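K.L.:
here's a sequence, model it:
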Amino acid sequence: MTVKLIRNAYEAALTMAAVLLSWGAALALEGTAGLHTDALVLAVALTLTLASTQRTADTRRRLISLVLLPATAAVSIFVGRLLASHYATGAAVYTAGMALAVWIRRYGPAATKAGTLIALPLVALLVVPGPALPPEAQSGLVTWGWSALIGLMACCSVWLVQSLGDRFGPWRASPTPDPPPRRSRLHPRPSTRMALQMAAGITAAFAVGHLLFDDHWPWVVLTAYVAASGNRGRTDVLRKGIERLAGACVGTLLATAVAEAGVTGHTSVALMFAVLAVALWLRPLNYAYWAAGMTTALSLLLGYFGQNAASLLPTRLTAIAAGAILSVASAWWLLPVPKRRAAARHHQGEAGRAVA
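P.N.:
The predicted model follows:
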């Protein structure tokens, strides 16, 4: 266990180094181009999600990410604008994109990795709190062109830090070989079943989020996606939903304590990075640690933007519970995937769990 904790700390340090490098580059870009702080949040979110999926990537896969991630990051901005102006249409496009990222796994490892890169900016779109920001902070949000550049900076930051870590660090990550293709006899195929489950869960989350949680609908949708990603079967979806809710409860207590202490401004930003580092360190032990850390960090972020994070925490918990219930219901009742079929594909769901 001691060796594992030390290795986890090393991997968390690499990820945070990439995050801070990307954040610093975005900070310089913000000052030069007159962008909004939203650009910084996007840089951190994309780097966090990308770091775990690229840790064992070979050069070819990293080059693909350099092309695909900036492009999908730019497209995600259009989806975000569509959600803001035409919610139902935007929700349909978003759901189709997420379902497509799962469905194309049927075409093998290369398509699976492309699907992961498609999903990353869409997941980050839920983390970047555009609709949840106060009205005075919503003007000047990052455009598609700047978003593509930030996606490119995130790729370069992750590649640089991980390459240096492999060259000079105590541990080296070896690229994992693609698993041999397997022809499933299950009809519809597991990838089709999981795509339909994802679409059903996210569609219901968009509807419930809009009806019950107003501008805070991203919390419902994000939880529905996280619980369904990397679906290993009914029990796995249920476990992830419970872990996310439990972690959010702990994060609620931590965020409330921070709010009561009056932490604001640059201090809250520094504390947010510290919380993310600890959450990354403990995440391999149990996903609840990551959920607690992200809840705390996002609450600090909302506080930085001027929202009363403590007053929103009950709403956040309710939204997380709703998203988990919707995702579990979809996995249990809509074309459930047998555990033995889903286990062979569990490694494909890294993107959602990296940020949520």
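
K.L.:
could you list the low-confidence segments of this structure?
P.N.:
Scanning the chain for pLDDT under 70 picks out the ranges 1, 128-142, 174-187, 230-233, 264, 303, 305-310, 338-356.

K.L.:
and the strands in it?
P.N.:
For the chain, applying DSSP state E gives no strands.

K.L.:
report all helices and strands that the longest helix seen in it contacts.
P.N.:
Counting residues, the longest helix in the chain under DSSP state H turns out to be helix 2-33. Applying 3 or more C-beta pairs under 8 Å, 6 or more residues apart in numbering; DSSP states H and E, one finds that helix 2-33 makes contact with helix 38-54, helix 144-168, helix 265-282. C-beta coordinates here come from the backbone N, C-alpha and C atoms, glycine included.

K.L.:
next, the buried residues of stretch 17-29.
P.N.:
Neighbour counts over stretch 17-29 (16 or more other C-beta atoms under 10 Å) mark 17-23, 25-26, 29 as buried.

K.L.:
same question for stretch 34-47.
P.N.:
Quick answer for stretch 34-47 (16+ other C-beta under 10 Å): 35-47.

K.L.:
again, but for stretch 66-77
P.N.:
68-77.

K.L.:
cool, and stretch 266-281?
P.N.:
Within stretch 266-281, judged by 16+ other C-beta under 10 Å, the buried ones are 268-269, 271-272, 275-277, 279-281.

K.L.:
residues near the closest residue to Arg193 other than its chain neighbours, how many?
P.N.:
In this structure, Arg193 finds its nearest non-sequential neighbour in Leu335, 4.2 Å apart by C-beta to C-beta, 6 or more residues apart in numbering. Leu335 is flanked by 17 other residues according to other C-beta atoms under 10 Å.

K.L.:
got phi/psi on Leu335?
P.N.:
Leu335 adopts backbone torsions of phi 50, psi 60, taken as degrees, to the nearest 10.

K.L.:
which of the buried residues of stretch 66-77 fall in helices?
P.N.:
Those of the buried residues of stretch 66-77 lying in helices (DSSP H): 68-77.
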